[in-house]
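1. I'll drop the sequence and a predicted model, then ask my questions.
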Amino acid sequence: MVNGERFRRTLNAFSMRYFLDHFITDYGAQILSNALSALRAHILYIEGAKHSRNHSMRALFDEYVLRLPIGYQDEFEQDEIEEEENSTARTNLIAYLKNLQKTDDDHIMLNGKSYKRDNKTLWVIKKLRGFSCQICNVTILKRNGTFYIEAAHIKPRSRNGRETPDNIIVLCPNHHKEFDHGTTEIISQDLHEVTFTMNGHHYTANLRIE
(Lines give C-alpha, C1' and ligand atoms only; values in the text may rest on other atoms or scores of the structure.)
Protein backbone atom coordinates (compact mmCIF):
# COMPACT_ATOMS: atom_id res chain seq x y z
CA MET A 1 0.00 0.00 0.00
CA VAL A 2 2.83 2.42 0.76
CA ASN A 3 3.84 2.24 -2.91
CA GLY A 4 0.33 2.95 -4.14
CA GLU A 5 -0.02 -0.46 -5.78
CA ARG A 6 -3.31 -2.35 -5.93
CA PHE A 7 -3.78 -5.19 -3.46
CA ARG A 8 -6.28 -8.06 -3.68
CA ARG A 9 -6.44 -9.31 -0.10
CA THR A 10 -9.77 -8.39 1.45
CA LEU A 11 -9.60 -6.27 4.62
CA ASN A 12 -12.55 -5.12 6.69
CA ALA A 13 -13.16 -1.45 7.40
CA PHE A 14 -11.74 -1.72 10.94
CA SER A 15 -8.42 -3.14 9.70
CA MET A 16 -8.21 -0.64 6.86
CA ARG A 17 -8.82 2.26 9.25
CA TYR A 18 -6.02 0.96 11.50
CA PHE A 19 -3.54 0.96 8.61
CA LEU A 20 -4.59 4.39 7.31
CA ASP A 21 -4.33 5.94 10.78
CA HIS A 22 -0.78 4.65 11.13
CA PHE A 23 0.22 5.77 7.66
CA ILE A 24 -0.76 9.37 8.31
CA THR A 25 0.63 9.39 11.86
CA ASP A 26 3.95 7.70 11.10
CA TYR A 27 4.68 8.78 7.52
CA GLY A 28 2.59 11.81 6.58
CA ALA A 29 0.54 12.98 3.61
CA GLN A 30 2.54 11.44 0.73
CA ILE A 31 2.41 7.90 2.10
CA LEU A 32 -1.26 8.28 3.03
CA SER A 33 -1.87 9.45 -0.54
CA ASN A 34 -0.08 6.35 -1.87
CA ALA A 35 -2.12 4.11 0.44
CA LEU A 36 -5.35 5.73 -0.69
CA SER A 37 -4.36 5.22 -4.34
CA ALA A 38 -3.89 1.54 -3.53
CA LEU A 39 -7.23 1.45 -1.70
CA ARG A 40 -9.02 3.08 -4.63
CA ALA A 41 -7.53 0.54 -7.03
CA HIS A 42 -8.63 -2.24 -4.64
CA ILE A 43 -12.17 -0.83 -4.48
CA LEU A 44 -12.42 -0.74 -8.28
CA TYR A 45 -11.07 -4.31 -8.48
CA ILE A 46 -13.61 -5.62 -5.95
CA GLU A 47 -16.47 -3.70 -7.51
CA GLY A 48 -15.55 -5.05 -10.93
CA ALA A 49 -15.60 -8.62 -9.60
CA LYS A 50 -18.89 -8.22 -7.69
CA HIS A 51 -20.58 -5.78 -10.12
CA SER A 52 -21.72 -3.58 -7.23
CA ARG A 53 -20.43 -0.51 -5.39
CA ASN A 54 -18.55 -1.04 -2.12
CA HIS A 55 -20.18 1.76 -0.18
CA SER A 56 -18.40 1.14 3.15
CA MET A 57 -14.91 1.22 1.64
CA ARG A 58 -15.78 4.22 -0.53
CA ALA A 59 -16.98 6.07 2.57
CA LEU A 60 -13.71 5.22 4.33
CA PHE A 61 -11.73 6.35 1.30
CA ASP A 62 -13.62 9.67 1.19
CA GLU A 63 -13.05 10.21 4.93
CA TYR A 64 -9.27 9.88 4.68
CA VAL A 65 -8.94 11.86 1.46
CA LEU A 66 -10.34 14.81 3.44
CA ARG A 67 -7.38 14.48 5.82
CA LEU A 68 -4.95 15.24 2.99
CA PRO A 69 -3.82 18.73 1.88
CA ILE A 70 -6.13 20.37 -0.70
CA GLY A 71 -3.83 19.64 -3.65
CA TYR A 72 -3.96 15.90 -2.95
CA GLN A 73 -7.73 16.08 -2.47
CA ASP A 74 -8.21 17.74 -5.85
CA GLU A 75 -6.07 15.12 -7.59
CA PHE A 76 -8.11 12.28 -6.11
CA GLU A 77 -11.35 14.06 -7.01
CA GLN A 78 -10.23 14.43 -10.63
CA ASP A 79 -9.39 10.72 -10.69
CA GLU A 80 -12.92 9.94 -9.51
CA ILE A 81 -14.40 12.30 -12.08
CA GLU A 82 -12.41 10.44 -14.74
CA GLU A 83 -13.90 7.18 -13.48
CA GLU A 84 -17.40 8.61 -13.93
CA GLU A 85 -16.89 10.66 -17.11
CA ASN A 86 -14.16 8.91 -19.12
CA SER A 87 -16.65 7.43 -21.58
CA THR A 88 -18.32 10.81 -22.23
CA ALA A 89 -18.16 11.74 -25.90
CA ARG A 90 -15.57 14.36 -26.84
CA THR A 91 -18.28 16.56 -28.35
CA ASN A 92 -20.11 16.60 -25.00
CA LEU A 93 -16.92 17.54 -23.14
CA ILE A 94 -16.35 20.42 -25.57
CA ALA A 95 -19.96 21.53 -25.10
CA TYR A 96 -19.50 21.45 -21.31
CA LEU A 97 -16.57 23.88 -21.53
CA LYS A 98 -18.30 26.18 -24.01
CA ASN A 99 -21.36 26.41 -21.76
CA LEU A 100 -19.48 27.35 -18.57
CA GLN A 101 -20.90 30.43 -16.89
CA LYS A 102 -19.64 32.56 -14.00
CA THR A 103 -22.99 31.98 -12.31
CA ASP A 104 -22.68 28.16 -12.36
CA ASP A 105 -22.86 26.39 -9.01
CA ASP A 106 -19.48 25.65 -7.44
CA HIS A 107 -20.33 21.94 -7.20
CA ILE A 108 -21.78 19.31 -9.51
CA MET A 109 -23.36 15.91 -8.80
CA LEU A 110 -22.04 12.72 -10.40
CA ASN A 111 -23.56 9.36 -9.48
CA GLY A 112 -25.04 10.86 -6.33
CA LYS A 113 -21.78 12.43 -5.10
CA SER A 114 -20.82 16.11 -5.01
CA TYR A 115 -17.63 17.29 -6.71
CA LYS A 116 -16.05 20.70 -7.21
CA ARG A 117 -17.03 22.06 -10.61
CA ASP A 118 -13.49 23.41 -11.05
CA ASN A 119 -12.09 19.89 -10.72
CA LYS A 120 -14.38 18.61 -13.47
CA THR A 121 -13.42 21.59 -15.64
CA LEU A 122 -9.69 20.96 -15.13
CA TRP A 123 -10.10 17.25 -15.86
CA VAL A 124 -12.00 18.00 -19.08
CA ILE A 125 -9.30 20.45 -20.24
CA LYS A 126 -6.56 17.92 -19.46
CA LYS A 127 -8.40 15.16 -21.33
CA LEU A 128 -9.11 17.29 -24.40
CA ARG A 129 -5.41 18.23 -24.50
CA GLY A 130 -4.37 14.60 -24.28
CA PHE A 131 -2.90 14.74 -20.74
CA SER A 132 0.25 15.97 -22.47
CA CYS A 133 2.56 18.85 -21.51
CA GLN A 134 2.00 21.74 -23.90
CA ILE A 135 5.71 22.60 -23.79
CA CYS A 136 7.57 19.27 -23.97
CA ASN A 137 4.70 16.88 -24.94
CA VAL A 138 5.55 14.46 -22.12
CA THR A 139 2.81 12.24 -20.67
CA ILE A 140 3.16 10.56 -17.28
CA LEU A 141 1.53 7.14 -16.87
CA LYS A 142 0.35 6.37 -13.34
CA ARG A 143 0.17 2.92 -11.75
CA ASN A 144 -3.60 2.81 -12.15
CA GLY A 145 -3.33 3.23 -15.93
CA THR A 146 -4.41 6.89 -16.03
CA PHE A 147 -2.17 9.85 -16.82
CA TYR A 148 -0.82 12.56 -14.52
CA ILE A 149 -0.52 16.12 -15.73
CA GLU A 150 -0.89 19.52 -14.06
CA ALA A 151 -2.91 22.63 -14.87
CA ALA A 152 -1.16 26.01 -14.77
CA HIS A 153 -3.18 29.22 -14.46
CA ILE A 154 -2.07 31.97 -16.85
CA LYS A 155 -3.74 34.51 -14.61
CA PRO A 156 -3.15 33.14 -11.08
CA ARG A 157 -5.99 32.21 -8.76
CA SER A 158 -4.63 34.83 -6.36
CA ARG A 159 -5.62 37.45 -8.97
CA ASN A 160 -9.02 35.84 -9.61
CA GLY A 161 -7.84 33.67 -12.47
CA ARG A 162 -10.58 31.20 -13.38
CA GLU A 163 -10.62 27.54 -14.41
CA THR A 164 -11.49 28.19 -18.05
CA PRO A 165 -9.77 26.94 -21.23
CA ASP A 166 -8.41 30.41 -22.07
CA ASN A 167 -6.70 30.64 -18.67
CA ILE A 168 -5.28 27.10 -18.35
CA ILE A 169 -2.27 25.48 -19.96
CA VAL A 170 -1.49 21.84 -19.30
CA LEU A 171 2.07 21.23 -18.11
CA CYS A 172 4.28 18.49 -16.69
CA PRO A 173 5.37 19.07 -13.06
CA ASN A 174 8.78 20.47 -14.05
CA HIS A 175 7.44 23.00 -16.53
CA HIS A 176 4.58 23.92 -14.18
CA LYS A 177 7.07 24.81 -11.44
CA GLU A 178 9.18 26.75 -13.93
CA PHE A 179 6.09 28.60 -15.20
CA ASP A 180 5.03 29.56 -11.65
CA HIS A 181 8.44 30.25 -10.10
CA GLY A 182 10.69 31.17 -13.01
CA THR A 183 10.84 34.45 -14.91
CA THR A 184 7.64 34.20 -16.96
CA GLU A 185 6.20 36.99 -19.11
CA ILE A 186 2.95 36.79 -21.09
CA ILE A 187 3.59 38.37 -24.50
CA SER A 188 0.10 37.99 -25.98
CA GLN A 189 -3.08 36.08 -25.23
CA ASP A 190 -6.53 35.57 -26.71
CA LEU A 191 -9.14 32.79 -26.71
CA HIS A 192 -7.07 30.73 -29.15
CA GLU A 193 -3.48 30.83 -27.89
CA VAL A 194 -1.04 32.32 -25.43
CA THR A 195 2.52 33.38 -26.25
CA PHE A 196 5.01 33.77 -23.42
CA THR A 197 8.65 33.71 -22.45
CA MET A 198 9.88 31.55 -19.60
CA ASN A 199 13.44 31.95 -18.32
CA GLY A 200 14.46 33.43 -21.66
CA HIS A 201 12.77 30.81 -23.89
CA HIS A 202 9.82 31.60 -26.15
CA TYR A 203 6.68 29.42 -26.22
CA THR A 204 3.21 29.39 -27.77
CA ALA A 205 0.42 27.21 -26.31
CA ASN A 206 -2.89 26.38 -27.96
CA LEU A 207 -5.96 27.38 -25.89
CA ARG A 208 -8.63 26.34 -28.39
CA ILE A 209 -11.48 23.99 -27.45
CA GLU A 210 -11.48 21.38 -30.20
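-> Perfect, I can see it now.

2. Show me where the chain has its helices.
-> 13-26, 29-50, 55-65, 70-85, 90-98, 117-128, 173-181 (DSSP state H).

3. Report the buried residues of the fifth one.
-> To tie it back to what came earlier, the one meant is helix 90-98. 93, 96 (16 or more other Cβ atoms under 10 Å). In this view, the C-beta of every residue, glycine as well, is placed from N, C-alpha and C.

4. what's the answer for the longest one, then?
-> Of all the residues in helix 29-50, those buried under the rule 16+ other Cβ under 10 Å are 31-43.

5. nearest to residue 186, of those residues?
-> residue 33 (32.6 Å; Cβ to Cβ).

6. Quick check: the gap between the closest residue to residue 74 other than its chain neighbours and residue 159.
-> Once flanking residues are discounted, residue 74 sits nearest to residue 119: 5.6 Å by Cβ to Cβ, 6 or more residues apart in numbering. Using Cβ to Cβ, to the nearest Å, residue 119 is found at 20 Å from residue 159.

7. Nearest to residue 193, out of the helices of the chain?
-> Of all the helices of the chain, helix 117-128 comes closest under Cβ to Cβ, at 14.5 Å.

8. returning to that earlier point: between residue 119 and residue 159, who's got more neighbours?
-> Neighbours per residue, other Cβ atoms under 10 Å: of residue 119 and residue 159, the larger number sits with residue 119, 22 against 7.

9. Return the residues in contact with that one.
-> Remark: with contacts taken as Cβ atoms under 8 Å, 6 or more residues apart in numbering, residue 119 is in contact with 74, 77, 78, 81.

10. go again using 6 Å as the cut-off
-> Contacts for residue 119 were tallied using Cβ atoms under 6 Å, 6 or more residues apart in numbering; they are 74, 77, 78.

11. wait, the last one sits on residue 121?
-> No: in this structure, residue 78 sits apart from residue 121 without contact. The criterion is Cβ atoms under 6 Å, and the distance is 10.0 Å.

12. Can you point out the buried residues in stretch 59-71?
-> By 16+ other Cβ under 10 Å, the buried positions in stretch 59-71 come out as 60, 61, 64, 65, 68.
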